[in-house]
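Trainee: Build me a model from this:
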Amino acid sequence: MPVTHTIIIKRKDDDPTKDLILEDTASDGSGIGELESDDAVRLNSGDKVQWISDLGNFCVLFKDEPPFNGNFVTVGNRKGESTLLKVAKKLGGGSAGHPTVLRFSYAVTVVEPSLEDGTLTATTIDPLLDISDSSGGTL
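Mentor: Residues are numbered from 1 along each chain as shown. So this is what the prediction gives:
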């Protein structure tokens with residue numbers, strides 16, 4: 001059964017002076033919690049993903065081909081509204097008991113007002129998505 005992952009973009013310890021992190025929450029309770037740059041959210045084909053943030057306007061861009069159908073640029077705003085749900089597509093590979101895992105690099109950039117003078121600051125985090133594309137295989 002597909003799982004919905006909500007990836008929350010926030011500051012470590014909710015401290016505005018600390019680095020951006022992501023928090024993976026999943027509808028089945030399997031979310032792995034806080035993620036920093038180069039940490040991976042693990043999905044299975046058919047799982048759904050959405051991003052959300054209260055920090056500022058943000059965008060999500062993949063380095064190469066995204067693991068979702070169609071052109072992929074997703075944006076969100078600081079009102080905490082989530083992006084549209086994206087469904088991890090079948091990528092071809094593996095079999096039950098022997099999952100194939102493909103890795104996708106992407107960047108999340110948040111534009112938010114500076115604490116000192118209100119000017120805008122863009123901050124980027126470089127997380128990963130690991131997609132298991134095996135029938136019946138899970139991570």
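Trainee: And the longest strand anywhere in the chain, what does it pack against?
Mentor: Longest strand in the chain by number of residues (criterion: DSSP state E): strand 101-113. Judged by 3 or more Cβ pairs under 8 Å, 6 or more residues apart in numbering; DSSP states H and E, strand 101-113 is in contact with strand 20-26, strand 57-62, strand 120-125, strand 128-132. Quick note: C-beta positions are derived from backbone N, CA and C, even for glycine.
Trainee: tell me which residues in it are buried?
Mentor: 101-102, 104, 106, 108-110, 112 (16 or more other Cβ atoms under 10 Å).
Trainee: S37: which of those is nearest?
Mentor: Nearest to S37 among the buried residues of strand 101-113: V108, at 9.7 Å, using Cβ to Cβ.
Trainee: State the distance from the closest one to T74.
Mentor: V108 sits 10 Å away from T74, going by Cβ to Cβ, to the nearest Å.
Trainee: do E36 as well
Mentor: 21 Å.
Trainee: Of those two, which one has the most company?
Mentor: Higher neighbour count among E36 and T74: T74, with 20 against 13, using other Cβ atoms under 10 Å.
Trainee: Does the more buried one touch W51 like I think?
Mentor: Yes. Counting by Cβ atoms under 8 Å, T74 touches W51, with 6.6 Å between them.
Trainee: what's the overlap in contacts for the two?
Mentor: 60, 83 (Cβ atoms under 8 Å, 6 or more residues apart in numbering).
Trainee: who does the one helix or strand in the chain whose mean pLDDT sits lowest touch, helix- and strand-wise?
Mentor: Using mean pLDDT, DSSP states H and E, the weakest-scoring helix or strand in the chain turns out to be strand 74-76, at a mean of 76. For strand 74-76, the packing partners by 3+ Cβ pairs under 8 Å, 6+ apart come out as strand 48-53, strand 57-62.
Trainee: run the last query once more with 6 Å
Mentor: Other elements packing on strand 74-76 under the criterion 3 or more Cβ pairs under 6 Å, 6 or more residues apart in numbering; DSSP states H and E are strand 57-62.
Trainee: strand partners of the strand it packs on, parallel vs antiparallel please.
Mentor: strand 74-76 (antiparallel), strand 101-113 (antiparallel) (DSSP bridges).
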